[in-house]
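Undergrad: Provide a 3D model corresponding to the input given below.
(chains A and B)
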Amino acid sequence: MADFFAMGTHGVYIWGSYGVTALFMIGEAFLVVRHKRTLLQRLGRMVRLNSKELE
Amino acid sequence: MAINWFKYSSPATFYPLAGRISPWFAVASAILMVVGLYMSFFVAPTDYKQGEGYRIIFIHVPAAWMSMVIYVVMAGWAAAGMIWRTRLSSMMATSLAPTGAMFTFIALWTGALWGKPMWGTWWVWDARLTSELILLFLYIGFMALESAIDDPRRAARASGLLALVGIVNIPIIYYSVQWWNTLHQGSSIKFDGGGMQSSMTDIMLWTLLIMTLACWFYTIAVVLTRLRSTILERESGSVWVKEMLQEKR
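TA: This next block holds a predicted model:
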């Protein structure tokens, strides 16, 4: 197990690469989904408010 | 069978379509990523020259490929938007830019972490590295210019022009290792004449291709989701958005 994480002498470089890549890709996907969700909620509220005013 | 492609250039028809396809690409990307990562670490053998450090290739090369491909697609959509004045085209370009910039950064970052143990330096002003850094600035410039102009049509035209001018950088990146004999190594995979030639073992090549496909699917899923947000933001005043939101209650 320790051998696996050591990656010879290149552990720092390999995990630094894969770690940052994972962080960016998961982070981007998370932010994109969250942005769409909050946007839909906000626009939905606006539409509901407007339709109540009309009633 | 004639398909009316322009039907899908309408944001109102593309919005639900994008919503239906993006989850499939997200799932496919996740599966390929798990397989690709397993192969990267447990199946692909240790390199006789670079030891374990070469394993960075399985993210470095896909990220670098994506950074170039996304730029070409982005410039293509920007051009389409300028020619046909289709609203969806420029929204497509807008949605691609952040993911392209991210992959460019990943390519540079993993390159630095690969360069340190192999070349003894994080960074050199080598032709390949410098042109890839310029690509990052092009993406950032595109996004900055686009968000600096309030009117979406003018913003799309200005940033589209920048994207089109910047496309000269793509062949420079691609051929830089042939044109200038600087530090960055030549391509491991070449596409010339009789198809694809590789200097890697088959298992390394397959791992690389699976990781690349995973990145492709990831990009499609993320960009389509971002595109839906962009559509909603720009079309929030239109009837179809209001009707859709009413139905959702």
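Undergrad: near chain A, which residues of chain B are found?
TA: Taking Cβ under 8 Å from any Cβ of the partner chain as the test, the list of chain B residues beside chain A reads B:26, B:41, B:46, B:51-53, B:55-56, B:59-60, B:63, B:98-99, B:102, B:105-106, B:109-110, B:113-114, B:116-117, B:218, B:221-222, B:225-226, B:228-229, B:232-233, B:236, B:241-242, B:245-246, B:248-249. No exception for glycine: its C-beta is placed from N, CA and C like everyone else's.
Undergrad: and with 7 Å instead?
TA: Taking Cβ under 7 Å from any Cβ of the partner chain as the measure of proximity, chain B contacts chain A at B:51-53, B:55-56, B:59, B:99, B:102, B:106, B:109-110, B:113-114, B:116-117, B:218, B:222, B:225-226, B:228-229, B:232-233, B:236, B:241-242, B:245-246, B:248-249.
Undergrad: now intersect the residues you listed with the helices, please.
TA: Among the residues of chain B next to chain A, the members found in helices (DSSP state H) are B:59, B:99, B:102, B:106, B:109-110, B:113-114, B:116-117, B:218, B:222, B:225-226, B:228-229, B:232-233, B:241-242, B:245-246, B:248.
Undergrad: so, low pLDDT: which residues of chain B?
TA: B:1-8, B:182, B:190-199, B:248-249 (pLDDT under 70).
Undergrad: could I get the full set of strands for it?
TA: For chain B, the strands identified by DSSP state E occupy B:189-191, B:196-198, in order along the chain.
Undergrad: how about the strand or helix carrying residue A:45 and chain B, any contact?
TA: The secondary structure element spanning residue A:45 is helix A:11-54 (assigned by DSSP states H and E). Yes: using Cβ under 7 Å from any Cβ, helix A:11-54 comes into contact with chain B via A:13-14, A:16-18, A:20-21, A:24-25, A:28-29, A:32-33, A:35-36, A:39, A:43-44, A:47-48.
Undergrad: which of the residues you listed are buried?
TA: Buried positions within the residues of helix A:11-54 next to chain B, assessed by neighbour count (16 or more other Cβ atoms under 10 Å in any protein chain shown), are A:13-14, A:16-18, A:20-21, A:24-25, A:28-29, A:32-33, A:35-36, A:39, A:43-44, A:47.
Undergrad: quick check, central residue of chain B?
TA: When chain B is reduced to its mean C-alpha position, the nearest residue by Cα atoms, centre = their mean turns out to be residue B:70, at 3.3 Å.
Undergrad: then chain A?
TA: By Cα atoms, centre = their mean, the most central residue of chain A is residue A:30, 2.0 Å off.
Undergrad: which ones are touching that one?
TA: With Cβ atoms under 7 Å, 6 or more residues apart in numbering or on different chains as the criterion, no residue contacts residue A:30.
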